[in-house]
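Q: Let me see the structure of the following:
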Amino acid sequence: MRCFIVMGDIIKSREYQGVELMHEFQSLVATCNEELASCLLSPYTITLGDEFQGVARSLLCSVRSLFYLEEMVLREHLPFRLRYVVHYGEIDTPLNPNIAYGMVGPGLAHARELLTNAGKRRPRFRFDLSNHSLAFKLNGLFQVTASLTEEWRPKDWQLILDMLSMDRAADIGAKYNMNRSQVSKREKTLRVEEYKTLKAVIIDLCQEKRDEVFMD
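A: Reported below is the predicted structural model:
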């Protein structure tokens with residue numbers, strides 16, 4: 001059975017306090033599983049101290065998972081960043097709907113190889129799909145998205161999240177004691193609209209292709 005396998009790990013995990021790191025990582029993964037339960041065939045499960053794996057229901061669900069995890073890192077002010085692999089590959093055993101253990105297949109082995117053979121110049125997001133053109137587009141779009149978000153400073157994370165979730169500049173201004181011009185200036189400086197556009201394009205691309213690409 002071919003599935004969308006999602007794996008991720010914490011970048012430079014050895015630099016953080018082990019117990020605190022594990023607690024934060026476990027909470028992040030558990031929250032994602034709870035919020036995106038309908039999107040997952042096998043829930044995201046921490047397999048090693050700093051790695052997780054799971055099986056998403058679709059490419060769109062895989063992408064939504066990545067955005068959710070990335071934005072939760074900001075929301076919870078977590079000190080680490082994650083890197084990800086999304087691979088459309090074969091799993092030989094039945095899917096485990098309760099925990100992503102006890103499954104084997106070449107797809108899982110290949111995804112783990114892609115994740116662990118990182119290299120210094122490897123991007124944080126890696127798509128390896130049967131549709132190579134689509135994978136190329138998603139890799140490029142996520143590379144640009146990462147270049148935006150990695151410039152955001154922790155002191156601005158909550159403001160950015162509010163700009164993403166609030167439709168009215170007046171509401172943002174009231175919360176942060178800014179006028180409309182100041183809100184607009186901060187949005188431009190932080191390039192929030194560019195992030196919104198990239199996210200919308202990526203999700204739209206996955207929705208557009210979901211019925212035509214992954215038919216075995």
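Q: make it CA atoms for all contacts and neighbour counts henceforth
A: Will do.
Q: chain center to the helix or strand where residue 45 lies: distance?
A: Using DSSP states H and E, residue 45 maps to strand 40-48. When distances are taken as CA atoms, centre = their mean, to the nearest Å, strand 40-48 is centred 14 Å away from the chain's centroid.
Q: Centre of the chain to the helix or strand just after it, how far?
A: Elements were assigned by DSSP H and E; along the chain past strand 40-48, the next helix or strand is strand 51-56. Put simply, strand 51-56 sits 11 Å off its chain's centre (CA atoms, centre = their mean).
Q: Average pLDDT for strand 51-56, rounded please.
A: What strand 51-56 shows for mean pLDDT is 96.
Q: Pull out the buried residues from the helix or strand hosting residue 141.
A: Here residue 141 sits within helix 132-149, counting by DSSP H and E. Under the neighbour-count criterion of 16 or more other CA atoms under 10 Å, helix 132-149 has 134, 135, 138, 139, 140, 141, 142, 145, 146, 149 buried.
Q: Can you give me every residue that contacts the residue of the chain most remote from its centre?
A: Going by CA atoms, centre = their mean, the residue of the chain most distant from its centre is residue 179, 32.8 Å out. Taking CA atoms under 8 Å, 6 or more residues apart in numbering, we find residue 179 in contact with 170, 173.
Q: How about the one 10 residues further on?
A: The neighbours of residue 189, taking CA under 8 Å, 6+ apart as the test, come to nothing; the list is empty.
Q: show me where pLDDT drops low in this protein?
A: Scanning the chain for pLDDT under 70 picks out the ranges 118-121, 209-216.
Q: how about the helices of this structure, start to end?
A: Using DSSP state H, the helices of the chain run over residues 18-35, 59-75, 106-116, 132-149, 157-165, 169-176, 180-190, 192-209.
Q: could you dump the ones you listed to a markdown table with distance to residue 96?
A: A markdown table is the format used below for the helices of the chain (distance: least, CA to CA, whole Å):
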| stretch | distance to residue 96 |
| --- | --- |
| helix 18-35 | 14 |
| helix 59-75 | 17 |
| helix 106-116 | 13 |
| helix 132-149 | 26 |
| helix 157-165 | 34 |
| helix 169-176 | 43 |
| helix 180-190 | 41 |
| helix 192-209 | 25 |
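Q: what's the closest of these to residue 92?
A: Ranking those by their distance to residue 92 (criterion: CA to CA) puts helix 106-116 first, at 7.8 Å.
Q: Quick check on the residue farthest from the centre of the chain: phi, psi?
A: With angles defined as degrees, to the nearest 10, residue 179 sits at phi -90, psi 180.
Q: packing partners for the helix holding residue 141?
A: On a contact count with 3 or more CA pairs under 8 Å, 6 or more residues apart in numbering; DSSP states H and E, helix 132-149 meets strand 125-128, helix 192-209.
Q: That helix vs helix 192-209, what angle?
A: For helix 132-149 against helix 192-209, the angle by axes from the mean of the first three to the mean of the last three CA atoms, to 10 degrees is 160 degrees.
Q: roughly how far is helix 132-149 from the heart of the chain?
A: 12 Å.
Q: quick one: contacts for the most centrally placed residue in the chain?
A: In the chain, the residue lying closest to the centroid (CA atoms, centre = their mean) is residue 66, at 1.5 Å. The contact partners of residue 66, by CA under 8 Å, 6+ apart, come to residue 84.
Q: Great, nothing more from me.
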